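[1] coords below, sequence missing:
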């Protein structure tokens with residue numbers, strides 16, 4: 001499989017997209033009267049952890065791009081696009097953010 005090397009703009013755009021989706025989910029959960037307090041606390045911790053992880057991955061990617069380390073960029077981009085795939089059905093999802101491995105699996109499954 002060919003190495004996919006994004007641009008810094010791609011990285012920043014995908015980061016912003018995922019981060020905004022995480023914020024939307026958090027806001028929706030906070031408005032959900034069926035979640036008890038303990039469940040809400042757990043959800044908030046997971047949500048905050050995920051936002052830190054996607055931010056760290058995006059920052060690492062931009063640094064790797066500046067060093068021209070295509071192999072490491074491809075590995076980090078795979079992780080970030082994998083996170084983005086969770087929002088594939090969102091109308092703002094862009095095809096250039098597609099996770100190559102998940103796309104191949106979808107193709108094999110006929111989806």
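    Now that the structure is in, tell me what you want to look at. Because the structure is predicted, anything quoted here is derived from the model rather than measured.
[2] I'd like to know the average pLDDT value across the strand or helix carrying residue 28.
    Using DSSP states H and E, residue 28 sits within helix 8-30. Taken as a whole, helix 8-30 has a mean pLDDT of 94.
[3] Averaged pLDDT, the helix or strand following that helix. What do you get?
    On the C-terminal side of helix 8-30, the closest following helix or strand by DSSP H and E is helix 37-67. For helix 37-67, the mean pLDDT works out to 93.
[4] still on that earlier bit, and the contacts of the helix holding residue 28?
    6, 35, 40, 43-44, 47, 50-51, 54-55, 57-58, 61-62, 65, 77, 80-81, 83-84, 86-87, 90, 92-94, 96-97 (C-beta atoms under 8 Å, 6 or more residues apart in numbering). C-beta coordinates here come from the backbone N, C-alpha and C atoms, glycine included.
[5] one more time with 6 Å
    43, 47, 50-51, 54, 58, 61-62, 65, 80, 83-84, 87, 97 (C-beta atoms under 6 Å, 6 or more residues apart in numbering).
[6] next one: stretch 101-111
    For stretch 101-111, the external contacting residues (C-beta under 6 Å, 6+ apart) are residue 85.
[7] Could you check how far it is from the centre of its chain?
    Centre-to-centre, stretch 101-111 and its host chain are 18 Å apart (C-alpha atoms, centre = their mean, to the nearest Å).
[8] what is the mean pLDDT for it?
    Across stretch 101-111, the average pLDDT comes to 87.
[9] quick one on the thing from earlier: out of the contacts of helix 8-30, grab the one that's most surrounded.
    Counting neighbours by other C-beta atoms under 10 Å, residue 61 leads the contacts of helix 8-30 with 26 neighbours.
[10] how near is it to residue 41?
    31 Å (C-beta to C-beta, to the nearest Å).
[11] repeat for residue 84
    27 Å.
[12] ok, now which ones touch the closest residue to residue 80 other than its chain neighbours?
    Nearest residue to residue 80, sequence neighbours excluded (C-beta to C-beta, 6 or more residues apart in numbering): residue 57, at 5.0 Å. Shown in contact with residue 57 (C-beta under 6 Å, 6+ apart): 76, 79-80.
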